[in-house]
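K.L.:
Here's my sequence, what's the structure:
(one chain, ligands or ions: 1)
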Amino acid sequence: MSLDIIQKNSLVAGNPVGQGDLLVVKNPYTDEVVGTVVMATKSDVEQSIDKALQGGRKLSRHERFQVLEKARHLLTQRREKFANLITSESGLAIREALYETGRTIDVLLFASLQCLQDDGEIFSGDTSTQGKSRKIFTFREPLSLAVCITPFNHPLNQVAHKVAPALAAGTPVILKPSEKTPLTAVAFAELLYEAGMPCHMLSVLLGPTSEIAEPLVKDSRVQVVAFTGSVPVGKRIASAAGYKKLVLELGGNDPMIIMEDADLGVAVHLAAEGAYRNSGQRCTGVKRILVHESIHDTFVEKFVAKTKEYVCGDPFDPATVVGTVIDEASAIYLETVVNKAVSQGAKVVWGGTRTGALMQPTVITQVPADSDIVVHESFGPLAPVLSFKDVDDAIRLSNSTAYGLSAGIVTKNMDNAFRFIKELHVGSVNINEVPGYRVENSPFGGIKDSGLGVKEGVIEAMKAFSYVKTFSVPW
Ligand code: NAP
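P.N.:
Next up, the predicted model:
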């Protein structure tokens, strides 16, 4: 499908920036130009900060609810248009792009409802022997300015997970979306302005890291940096940010652990969904399949058969399940990772090759536990299968990487399920589900290299974009 070339601008408090360098966005499948974005400059960074801090009319909770509700209605009407845009610039299969727009509609719903939800607590002063007859009340105040930096893998939903909770909390945002998927981000910002969001509440700046992202991260007027992306960039941000709040949602290397008592049909389905959905480009994608040794061979046979159903091809074809990865360089990298594993003794039983930016869903067995494909995050549809002896071994293997995002377990034995819940060093454990299962308002986020344990999800993100103030009165 070809679209007219889309022309967008970085936005300073709703105003398109003037003439600047052009960021050219290409379709990873066809290599055609999808659109351009006029990039921002250092002076746009200053102006964005000034506009956000000057503020404007403060919206009541009900007005914030109305803006988010209107945005939800507009997005629902334009769902296909947004899905087409996501697929054009990211190469994600159209069915994934449509799914993503549905998730974003949920984000807007939950954020709007949260505007109507009171968030205070009351503490009675006379509850201790040192007490007094007073009451302490809590309420949340917005932060003065948030910088949000987002990755490419969910071009719309990652942006919505930052901007919608911030708007619900009343905190202005300067957004720096991925340079690989900027068109969806700018289109979403335009939709929010149309829905009535005051312009000072959002700027969207594209441009070189040294001119835009780095100065924003360091700026002392910024009270919170909310970053979703890779571990190296997250750590760089953590050391550069200085004295400010940080929300870091970083990479993952999630295991799908399949016990000997697992329903194999369920296990095969969940492993394939986890490994291949979104072209394997999910922080919570299944990056390691750990299978009990007694069922390893049967599992692999069924899993290869299932993998063949994950048709890889033209992202705009409704029959395509796996579109491209974000660009050809990423596909080449994934192919290298596979080849390196093979040189260390692994065996490719299905896939393993690429055409342009299309990486075939790939099943790999006999993978050494210390190979890159096991130890590091490979952001693509690669499914390395490893075997384990017992629960202790599975827990040891699972905890053996630097990451700690989430894990999925397939078992019918609840004693084992509870051991995994307690002993895996991750932010989320899902029993008989993929590691990434969540709803948009449930707490989400990792530990170890995957994050600082500060959660996102609409409700937790609203806490991150605000602070608790207390007041007390005689009672
Ligand atoms: P990335 O390379 O880390 O980039 C993420 C964002 O950071 C982009 O907007 C990028 O801008 C910007 N950036 C790059 N260098 C920066 C710097 N020095 N200072 C400030 N910002 C900088 O990640 P990606 O490749 O887009 O996304 C894939 C990664 O995101 C994977 O590791 C994945 O696991 C992770 N992820 C995590 C979660 C989670 O919730 N835990 C969710 C989704 C994805 P440019 O585009 O201009 O380079």
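K.L.:
Flag the shaky bits of the protein, pLDDT-wise.
P.N.:
Within the chain, the ranges that satisfy pLDDT under 70 run 1-3.
K.L.:
Domain map for it?
P.N.:
Listed domain ranges for the chain are 6-250+451-472, 254-439 (source: automatic domain parsing).
K.L.:
so how far does the last one reach from one end to the other?
P.N.:
Put plainly, it is domain 254-439. 18 Å (Cα to Cα, to the nearest Å).
K.L.:
who touches the nearest residue to Thr353 once chain neighbours are set aside in this structure?
P.N.:
Excluding the flanking residues, the one nearest Thr353 by Cβ to Cβ, 6 or more residues apart in numbering is Gln360, at 5.6 Å. C-beta coordinates here come from the backbone N, C-alpha and C atoms, glycine included. With contact set as Cβ atoms under 8 Å, 6 or more residues apart in numbering, Gln360 has these partners: Cys312, Trp350, Gly351, Gly352, Thr353, Arg354, Pro381.
K.L.:
ChimeraX command for the buried members of the residues you listed?
P.N.:
Of the contacts of Gln360, the buried ones can be selected in ChimeraX as follows, counting by 16 or more other Cβ atoms under 10 Å:
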select :312,350,351,352,354,381
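K.L.:
out of the contacts of Gln360, which are inside strands?
P.N.:
Trp350, Arg354 (DSSP state E).
K.L.:
Tell me which two in the contacts of Gln360 are the farthest apart.
P.N.:
Trp350 and Arg354 (13.7 Å; Cβ to Cβ).
K.L.:
can you redo the contacts of Gln360 as TSV with distance to Gly404?
P.N.:
Shown next, in TSV, are the contacts of Gln360 (distance: Cβ to Cβ, whole Å):
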residue	distance to Gly404
Cys312	30
Trp350	29
Gly351	28
Gly352	29
Thr353	32
Arg354	30
Pro381	23
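K.L.:
and for stretch 10-19, what are the contacting residues?
P.N.:
By Cβ under 8 Å, 6+ apart, stretch 10-19 touches 9, 20, 37-41, 44, 47-48, 51-52, 186, 189-190, 193, 199-200, 202-207.
K.L.:
That stretch and the ligand in contact?
P.N.:
No: on the criterion Cβ under 6 Å from any ligand atom, stretch 10-19 is out of touch with the ligand, staying 12.0 Å away.
K.L.:
roughly how far is whichever strand or helix holds Thr76 from the heart of the chain?
P.N.:
Thr76 belongs to helix 61-77 when elements are defined using DSSP states H and E. Distance of helix 61-77 from the chain centroid (Cα atoms, centre = their mean, to the nearest Å) equals 22 Å.
K.L.:
Which elements pack onto that helix?
P.N.:
helix 94-115, helix 157-169, helix 182-194 (3 or more Cβ pairs under 8 Å, 6 or more residues apart in numbering; DSSP states H and E).
K.L.:
interface residues of the stretch 101-250 of the chain facing the ligand?
P.N.:
Listed as neighbours of the ligand in the stretch 101-250 of the chain under the rule Cβ under 6 Å from any ligand atom: 149-153, 176-180, 209, 213-214, 217, 228-230, 233, 236-237, 249-250.
K.L.:
Quick one: buried ones out of those residues?
P.N.:
149-153, 176-180, 213-214, 217, 228-229, 233, 236-237, 249-250.
K.L.:
So which of the contacts of stretch 10-19 are in strands?
P.N.:
Reading strands off the contacts of stretch 10-19 with DSSP E, I get Asn9, Val37, Val38, Leu202, Ser203, Val204.
K.L.:
Contacts only, for the third one.
P.N.:
Read that as Val38. Contacts of Val38 by Cβ under 8 Å, 6+ apart are Lys8, Asn9, Ser10, Pro16, Val17, Gly18, Gln19, Gly20, Asp21, Leu22, Leu23.
K.L.:
Can you say which helix or strand has the residue located most distally from the centre of the chain in it?
P.N.:
Most distant from the centre of the chain: Thr129, at 47.6 Å, with distances by Cα atoms, centre = their mean. If you go by DSSP H and E, Thr129 is not part of any helix or strand.
K.L.:
and the contacts of Gln360 as TSV, adding distance to the ligand?
P.N.:
What follows is those, written out as TSV (distance: Cβ to the nearest ligand atom, whole Å):
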residue	distance to the ligand
Cys312	20
Trp350	24
Gly351	21
Gly352	22
Thr353	23
Arg354	18
Pro381	14
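K.L.:
related to what we said a few turns ago, filter the contacts of Val38 down to just the buried residues.
P.N.:
The buried subset of those - by 16+ other Cβ under 10 Å - is Lys8, Asn9, Ser10, Val17, Gly20, Leu23.
K.L.:
So which of those is the closest to Val342?
P.N.:
For these, the nearest to Val342 is Leu23 (37.0 Å; Cβ to Cβ).
K.L.:
Kindly confirm my reading that the closest one forms part of a strand.
P.N.:
Yes: using DSSP: H, G, I helix; E, B strand; the rest coil, the assignment for Leu23 is a strand.
K.L.:
Please tell me how far it sits from the ligand.
P.N.:
9 Å (Cβ to the nearest ligand atom, to the nearest Å).
K.L.:
before we move on, what about Tyr333?
P.N.:
Taking Cβ to the nearest ligand atom, one finds Tyr333 at 11 Å from the ligand.
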